[in-house]
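In: Okay, structure incoming, though there's no sequence with it:
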């Protein structure tokens with residue numbers, strides 16, 4: 001069973017913590033219970049927000065967690081709930097997703113650039129942009145391998161939101177779109193930074209290095225593939 005539903009608007013989670021814990025905390029647990037009742041395994045998506053971002057090196061699956069806000073805490077509750085009720089579980093932590101079918105940072109930046117709007121992007125957070133196509137392939141590989149546990153799945157490499165905005169515009173031919181970088185607490189595309197977000201959220205996988213999934217492509221490579 002795949003549990004993919006989530007309340008992912010980070011700032012709105014702060015405003016509606018009860019909803020965040022119902023959706024992100026109880027949701028994966030309920031799916032895990034339902035799967036266990038019919039003898040099935042469960043796979044649930046989680047996030048790099050379960051870490052505090054204080055480390056200057058990429059986080060591994062076994063590293064100490066420490067979410068800073070409601071979103072990260074609610075997703076951690078969902079991880080724990082899924083684990084508690086079904087030993088046949090796979091928790092996939094990912095980050096900075098972009099791709100077809102949903103609102104994301106890259107699409108917002110590109111739309112603003114095409115409209116000729118000035119772009120204001122923060123430069124004080126660093127992570128691993130991940131194409132949803134690559135994430136889905138990694139999830140399928142984990143399902144086929146039937147290896148349970150917790151996995152970090154992102155494209156390799158890391159950058160800031162500003163770096164990602166510049167790269168996305170350059171790939172699509174916007175040579176000088178006018179992108180300014182800002183400090184924390186200011187507008188980030190479609191999102192207002194109202195909470196204390198982890199500053200360094202790059203994650204590497206110990207478990208995937210055992211052979212369940214080969215190293216994913218760099219974020220720059222997949223950004224070009226996603227645009228083609």
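Out: Yep, it's here. Computed from a predicted structure; not experimentally measured.
In: Would you state the strands of this structure in chain order?
Out: With DSSP state E as the criterion, the chain has strands at 2-3, 42-47, 89-94, 97-98, 119-122, 126-127, 130-131, 149-152, 159-160, 179-182, 187-188, 191-192.
In: tell me the mean pLDDT over the fifth one?
Out: Averaged across strand 119-122, the pLDDT comes to 78.
In: cool, the third one as well?
Out: When pLDDT is averaged over strand 89-94, the result is 94.
In: quick one: that strand to chain centroid distance?
Out: 11 Å (CA atoms, centre = their mean, to the nearest Å).
In: Which strands and helices lie in contact with that strand?
Out: strand 42-47, helix 70-85, helix 132-145, strand 149-152 (3 or more CB pairs under 8 Å, 6 or more residues apart in numbering; DSSP states H and E). C-beta here means a position set from N, CA and C on the backbone, and glycine is covered the same way.
In: what's in contact with it?
Out: 32, 41-48, 50, 61, 79, 82-83, 130, 135, 138-139, 142-143, 147-154, 203 (CB atoms under 8 Å, 6 or more residues apart in numbering).
In: re earlier: with distance to residue 108 as new columns, can the strands of the chain be given to me in a markdown table?
Out: Shown next, in a markdown table, are these (distance: least, CB to CB, whole Å):
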| stretch | distance to residue 108 |
| --- | --- |
| strand 2-3 | 26 |
| strand 42-47 | 19 |
| strand 89-94 | 19 |
| strand 97-98 | 10 |
| strand 119-122 | 9 |
| strand 126-127 | 16 |
| strand 130-131 | 16 |
| strand 149-152 | 25 |
| strand 159-160 | 16 |
| strand 179-182 | 13 |
| strand 187-188 | 9 |
| strand 191-192 | 9 |
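In: Just give me the lowest mean pLDDT stretch among the ones you listed.
Out: Between these, the lowest average pLDDT goes to strand 191-192, which shows a mean of 28.
In: give me the low-pLDDT residue ranges for the protein?
Out: Applying pLDDT under 70 to the chain flags the ranges 175-228.
In: For the residue most central in space within the chain, which non-adjacent residue is spatially closest?
Out: Most central in the chain under CA atoms, centre = their mean is residue 95, positioned 2.1 Å from the mean C-alpha point. Nearest non-adjacent residue to residue 95, counting by CB to CB, 6 or more residues apart in numbering: residue 48, 4.0 Å away.
In: where's residue 65 relative to residue 76, distance?
Out: 6 Å (CB to CB, to the nearest Å).
In: Compare those two (neighbour count), which wins?
Out: It is residue 76, of residue 65 and residue 76, that has more neighbours when counted by other CB atoms under 10 Å, with 20 against 15.
In: what sits in contact with each of residue 65 and residue 76?
Out: With CB under 8 Å, 6+ apart as the test, residue 65 and residue 76 both reach residue 50.
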